[in-house]
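Engineer: coords below, sequence missing:
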């Protein structure tokens with residue numbers, strides 16, 4: 001029976017690890033999106049500064065800003081979607097962790113029962129040996 005429980009513990013530990021990996025990937029993606037948004041904001045400010053200093057920059061700036069704002073909006077939308085997925089992934093990690101703990105507790109309980117059974121069998125064997133020695137001693 002413990003073999004089956006061991007397999008279930010191994011399966012749930014693997015499942016938990018996979019869910020943690022997915023969450024980690026989502027968190028890295030969120031960080032990268034935040035960095036992309038910050039870089040784009042800095043680029044917009046740099047272009048705004050350049051537009052203020054030259055006529056060519058002033059002419060090109062409105063087109064640049066329109067494209068940059070669309071890109072920023074897409075990045076922000078992606079960031080929100082990743083955050084939603086991250087929240088779901090956190091909940092999945094928590095559920096997988098709780099499920100694993102149930103099986104680990106069952107595994108520990110089965111191990112304890114097996115140890116108690118072995119100890120009981122050992123005590124019975126020792127008691128039998130003691131009785132046999134007592135019988136032999138009484139016959140002599």
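Structural biologist: Structure received. Since we're looking at a predicted model, the values are computed, not measured.
Engineer: Looking at per-residue confidence, what score does residue 140 get?
Structural biologist: Per-residue confidence at residue 140 stands at 64 (pLDDT).
Engineer: What is the burial count for residue 113?
Structural biologist: The tally of other residues near residue 113 (other C-beta atoms under 10 Å) stands at 12. In short, each C-beta sits where N, CA and C put it, glycine included.
Engineer: oh, I was asking about residue 33
Structural biologist: Neighbours around residue 33, by other C-beta under 10 Å: 19.
Engineer: Next up, the contacts around it.
Structural biologist: With contacts defined as C-beta atoms under 8 Å, 6 or more residues apart in numbering, residue 33 is in contact with 75, 78, 79, 82.
Engineer: Looking at these, which two lie furthest apart in space?
Structural biologist: Largest separation among those by C-beta to C-beta: 75 and 82, giving 10.4 Å.
Engineer: So these two - more neighbours on which side?
Structural biologist: A count of neighbours by other C-beta under 10 Å puts residue 82 above the other of residue 75 and residue 82, at 21 against 18.
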